[in-house]
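> here is my input; please provide its structure:
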Amino acid sequence: MADEADKPARAEKTSRKRSKRKRKPSATTQASAKGKPWTFPKNTLEDAIRIPKAIEDKNAGNPMPAREIAVAVGFRQAQDWRFLDLLRSANQYGLVDGTGPTATIQLTKLGQDIVAPSTPSQRSEALQSAFRTVKDFAAVEQHYGGKRIPEDEFFLNTLTRDFSVPKDRVEQFAKVFLENLTFLRAFSPTTVTSDPSRGISEAPVPTTPPDKIPSPIISKEPRTREFLDTCFVMMPFGEWFDRYYQEIYVPAIREAGFEPIRADELFHTGSVVEQIWEQIEKSKLLLADLTGKNPNVFYELGLAHAIRKPVIFASGQLEDVPFDLRHLRVIIYDTREPEWAARLRQSVSDYLRNAIKEPEKSIPHPFRGFATD
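From the prediction side, this is the model:
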C-alpha cells in the first residue's frame with residue numbers, strides 16, 4: 001500500500017526532471033558556440049587571398065590539390081589546422097570551391113577577378129563582393145552604413161546583442177571585420193581628403209640632378225592600392241629621400257607588379273615596430289636604400305633576412321653597403337649623372353622582377369635554409 005501511495009509523488013518528481021531537461025538553455029549556454037561551425041571566416045580577406053593566388057601563380061588558375069596549395073602558402077602538410085582554417089576562410093569569402101586536406105581546389109569567378117583582374121576596378125569590386133559574401137560581415141557593415149564604429153566595448157556588445165555573435169567568438173569577429181575594412185579602404189578610389197585611402201597621381205620621373213629641382217616638399221597623401229603583393233621599402237625619411245620614394249621607387253615598384261608601402265604610410269594605432277614587423281612578414285619582397293647607413297633601415301633589414309625575405313638594395317655610394325651584402329642584388333646610383341633617376345627607376349623594376357623569379361639570390365646564404373612556418 002505504501003508503494004501505491006508513493007506513485008503520484010514519484011511521477012511528479014520524474015515529470016520535473018524531464019521538464020528540466022527540456023528547459024531553454026541559459027544565457028550563458030546561448031552565448032557559447034563551442035562545437036558549432038563558424039559562420040564567419042577566422043582569417044582576414046587579405047590572408048585568405050593567398051589560396052586563390054597560389055592557384056593562379058603555381059598552376060595558371062587551374063584546379064589544384066589541397067596538399068600542393070598548402071606547400072605553396074607555407075605549410076608542410078595539408079592536415080595542418082592553420083592551413084585548413086585558411087582554406088575554409090577562402091571558401092567562406094567565395095574565392096574558391098573545395099575544402100579539406102584531400103580536396104581538389106578550384107578558383108571561383110570571384111577569386112579570378114581578384115587575383116587576375118582585367119582592370120583595377122574589377123579587382124576592387126570583387127574584393128568588396130568577397131567581403132559581403134560573408135552574411136554576418138555584410139549585415140554589420142549595413143548596420144553602421146559608413147558611420148564611425150564605436151569603441152571596443154560598445155562594438156562588441158552590439159555584435160553580441162544585435163547580431164547574435166557568440167561571446168566566445170566576438171573578439172575574433174571584431175578583429176577580422178575591422179582589419180577587412182582597413183584592407184578594402186586601401187583599394188577604394190575615394191576622394192575624401194581625410195580618408196587614408198585617397199589616391200594621388202604619380203609624379204613624373206625627374207631627369208635632372210636633385211639640386212635643380214625646386215623643392216623637396218611632396219604630398220604625404222596615401223595612394224589607392226592596385227596590386228595584391230606588396231613591396232616594403234626600407235629607407236631614411238625626410239628631405240630628398242621622400243621625393244625619391246614618391247617619384248622613383250613608387251612607380252618602379254608598380255611597374256614590376258607590386259604595391260609599394262613605407263613605414264610612414266601605416267595608419268594603424270599601436271606599436272610602430274609591430275606594424276613594421278607585420279608589413280615585413282606580409283610583403284612578397286623588399287627594397288632597402290642603404291644610403292647614409294641609417295640604423296633603422298639596417299634593423300628592419302635584419303628582420304627581413306631573418307625570415308628569408310628577398311631584398312634588393314639601392315645606395316648612393318657603394319661604401320654604404322656592407323661588404324658581406326655586396327654579392328646580392330645592389331643598385332648603385334649617382335645623382336650627378338644625367339638621367340640618373342630614369343635609370344634608377346628602370347633598374348629597380350628589373351631587379352624586382354628578377355628577385356621574384358630567383359628569390360634565393362636576394363637572401364644571404366646563412367638564412368636560406370631556415371624554416372618560416
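> when you work out contacts or count neighbours from here on, use the C-alpha atoms and nothing else.
Noted.
> burial count for D229?
Neighbour count of D229, defined by other CA atoms under 10 Å: 16.
> check contacts around it.
By CA atoms under 8 Å, 6 or more residues apart in numbering, the residues touching D229 are 257-259, 283-284.
> ditto for L86
42-43, 47-48, 51.
> A54 now?
69, 72-73.
> pretty sure S283 sits against T230.
Yes - with contact defined as CA atoms under 8 Å, S283 reaches T230; the gap is 4.8 Å.
> what's the closest non-adjacent residue to D350?
The shortest distance from D350 to any non-neighbouring residue, by CA to CA, 6 or more residues apart in numbering, is to A256 (7.3 Å).
> what is the burial count for that neighbour?
When neighbours are counted by other CA under 10 Å, A256 registers 18.
> that one against N354, yeah?
No - contact status for A256 versus N354: not in contact, 9.7 Å apart, counting by CA under 8 Å.
> quick check: K109 vs F183, distance?
Going from K109 to F183 by CA to CA, to the nearest Å gives 21 Å.
> repeat that for F83.
21 Å.
> may I see the contacts of L86 organised as TSV, with secondary structure added?
Below are the contacts of L86 laid out as TSV (DSSP: H, G, I helix; E, B strand; the rest coil):
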residue	secondary structure
K42	coil
N43	coil
D47	helix
A48	helix
I51	helix
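> show me just the buried residues among these.
Among the contacts of L86, those classed as buried by neighbour count (16 or more other CA atoms under 10 Å) are 42-43, 48, 51.
> where does this structure have its least confident helix or strand?
Sorted by mean pLDDT, DSSP states H and E, the helices and strands of the chain end with helix 27-31, the least confident at a mean of 46.
> what segments of the stretch 101-250 of the chain are strands?
Counting by DSSP state E, counting those that start in this stretch, the stretch 101-250 of the chain has strands at residues 104-107, 230-234.
> and these, which is most packed in?
Most buried of the strands of the stretch 101-250 of the chain, by mean neighbour count (mean count of other CA atoms under 10 Å): strand 230-234, with a mean of 25.
> partner strands of that strand, parallel or antiparallel?
Strand pairing for strand 230-234, using DSSP bridges, gives strand 259-262 (parallel), strand 285-289 (parallel).
> contacting residues around L344?
248, 331, 333.
> my guess is the last one meets Q317, correct?
Okay, so that is Y333. Yes - contact criterion CA under 8 Å: Y333 and Q317 qualify, at 7.1 Å.
> and those two? Which one has more around it.
Y333 (17 against 14).
> so what's S129 up against?
Contacts of S129 (CA under 8 Å, 6+ apart): L110.
> quick one: low-confidence parts of the chain?
Low-confidence segments of the chain (pLDDT under 70): 1-33, 190-222, 267-270, 365-373.
> how does it divide into domains?
Here the domain parsing of the chain from automatic domain parsing is 45-186, 210-367.
> show me where the stretch 201-350 of the chain has helices.
Secondary structure of the stretch 201-350 of the chain (DSSP state H, counting those that start in this stretch): helices located at 239-244, 250-255, 272-282, 295-306, 340-357.
> D136 is nearest to which of those?
Nearest to D136, of all those, is helix 272-282, at 26.2 Å by CA to CA.
> and the angle for that closest one with helix 295-306?
Inter-element angle recorded for helix 272-282 and helix 295-306: 40 degrees (by axes from the mean of the first three to the mean of the last three CA atoms, to 10 degrees).
> what's next to helix 272-282, contact-wise?
In contact with helix 272-282 (CA under 8 Å, 6+ apart) are residues 230, 232, 263, 266, 268, 286, 300, 303-304, 307, 309.
> now the two most distant members of the contacts of D229.
The widest separation within the contacts of D229 (CA to CA) is 12.7 Å, between G257 and S283.
> returning to that earlier point: in a markdown table: the strands of the stretch 101-250 of the chain, plus distance to W340.
Shown next, in a markdown table, are those (distance: least, CA to CA, whole Å):
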| stretch | distance to W340 |
| --- | --- |
| strand 104-107 | 43 |
| strand 230-234 | 20 |
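> out of those, which comes closest to A174?
Going by CA to CA, the one of those nearest A174 is strand 230-234, 24.7 Å.
> who touches that closest one?
Residues from elsewhere that reach strand 230-234 (CA under 8 Å, 6+ apart): 253, 258-263, 279-280, 282-289, 297, 300-301.
> how about the spatially most central residue of the chain, what does it touch?
The chain has E46 as the residue nearest its centroid, 4.2 Å off, counting by CA atoms, centre = their mean. Applying CA under 8 Å, 6+ apart to E46 gives the contacts 180, 183.
> are we agreed that it is in a strand?
No - according to three-state DSSP, E46 belongs to no strand; its state is helix.
> now it: how far from T335?
E46 is 38 Å from T335, by CA to CA.
> burial count for N62?
12.
> neighbours of the nearest residue to P236 once chain neighbours are set aside, how many?
The shortest distance from P236 to any non-neighbouring residue, by CA to CA, 6+ apart, is to N294 (6.5 Å). For N294, the neighbour count with other CA under 10 Å is 15.
> pretty sure N294 sits against A288.
No - contact criterion CA under 8 Å: N294 and A288 do not qualify, at 10.5 Å.
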